[in-house]
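Colleague: Below are the sequence and a predicted model for it; my questions follow.
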Amino acid sequence: MERRVIVLAGPTGVGKSDLAVKLAQRLNGEIISCDSMQIYRGMDIGSAKIKPEDMRGVPHHLLDFLDPATAFSAAEYQTLALKTIEQIHERGHIAILTGGTGLYINSVIYPLGFTAADRSDEIRRKYEDVLRDQGREALHQLLQQQDPVSAGRIHANNVKRVIRALEVQEMTGRAFSEYGEEKVLRQDLEIYYYWISMDRARLYDRINRRVDVMMAEGLLEEVRSLQAQGLGPMHQSMQGIGYKELLHCLEGKVSLEEAVDQIRQGSRNYAKRQMTWFRNDPNCAELSKELMTDEQMVAKIESDVSTHQTPKK
């Protein structure tokens, strides 16, 4: 039975979606989205969700399936992704996991062991009380004291992830950052893990221009529509870059120009963190857009997969 899984990761704006489609066409593959924002319905522009016409007939999974009022975890993603991979393999196809959410990727390719036992409503409420009474900076400071590695990776504004990290620490006795530190790929799948890199100045320019395109395509109207549905800062989905800034704009906290500048800056900072994440993973091989064309990358991956040569850094 087909057991091969290709992971095509990289920073926002680098061109992962298009490359994944080209790869799927070449290898008879199906694509599984690995993006924590593209899971939500009605959040198309700000999440840079691939358009139906750009899929070019390639099946895409775990995309556009969740109501934006619903919270979602890496553990839930892990369950759905592994089930989808199994179904793709049963059809005799190759699964291609693509996206930039590192924790989601790790939940699939490493045996992280997310379980119901690692959850505690009582502990979570305790930290939610800290958030309510002392604010997000105080909450983040707790994480800094207990798990500085996770504190460096998780922004103070991402309060759900901060609380989750504190919860895991207290429940399991292990720092949240330790999960996956061993970096031993799961053995029941044949995994080919790559990340797409690009010169930073060139990438940042692409990101800035992409934000302008999103605004022209109606991102503000998209956020206004979500707000009209009752969505606000308390929802996980609205913490995404582009959504929280424009929500502040609609609430009169910042001007539209300031919000757009914040989106550009936030997107660039996020890309920088993503590049650090993938660069530091010993199982993730770099494919540089400065050295290779998309066609050369597809040929390289095809060669690795056909000869069962696991890529090296």
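Modeller: Okay, I see it. Residues are numbered from 1 along each chain as shown.
Colleague: so what's Ala69 up against?
Modeller: Counting by CB atoms under 8 Å, 6 or more residues apart in numbering, Ala69 touches Gln229, Gly230, Leu231, His235, Ser237. Backbone N, C-alpha and C define where each C-beta goes, glycine included.
Colleague: Distance-wise, check the residue lying closest to the fourth one once chain neighbours are set aside relative to Leu247.
Modeller: Leaving out its chain neighbours, the residue that sits closest to His235 by CB to CB, 6 or more residues apart in numbering is Ala69, at 6.0 Å. When CB to CB, to the nearest Å is applied, the distance between Ala69 and Leu247 equals 14 Å.
Colleague: swap in Ser120?
Modeller: Look at Ser120 and Leu247: by CB to CB, they are 30 Å apart.
Colleague: Among those two, which residue is more densely surrounded?
Modeller: Just comparing Ser120 and Leu247: by other CB atoms under 10 Å the higher neighbour count belongs to Leu247, 22 against 13.
Colleague: Averaged pLDDT, the helix or strand where the more buried one lies. What do you get?
Modeller: Assessed by DSSP states H and E, Leu247 sits inside helix 243-250. In this model, helix 243-250 has an average pLDDT of 97.
Colleague: Could you point out the helix or strand that follows it?
Modeller: helix 256-279.
Colleague: by contact count, what packs against that following helix?
Modeller: Helix 256-279 is packed against helix 102-109, strand 190-197, helix 200-217, helix 243-250, with contacts defined by 3 or more CB pairs under 8 Å, 6 or more residues apart in numbering; DSSP states H and E.
Colleague: tell me which strands and helices the helix or strand following that helix is in contact with?
Modeller: Next helix or strand after helix 256-279 toward the C-terminus (DSSP H and E): strand 285-288. Here strand 285-288 touches strand 190-197, helix 294-306, going by 3+ CB pairs under 8 Å, 6+ apart.
Colleague: try 7 Å this time
Modeller: Judged by 3 or more CB pairs under 7 Å, 6 or more residues apart in numbering; DSSP states H and E, strand 285-288 is in contact with strand 190-197.
Colleague: about what we covered before: ranking by neighbours, what's the top pick from the contacts of Ala69?
Modeller: Ser237 (25 neighbours).
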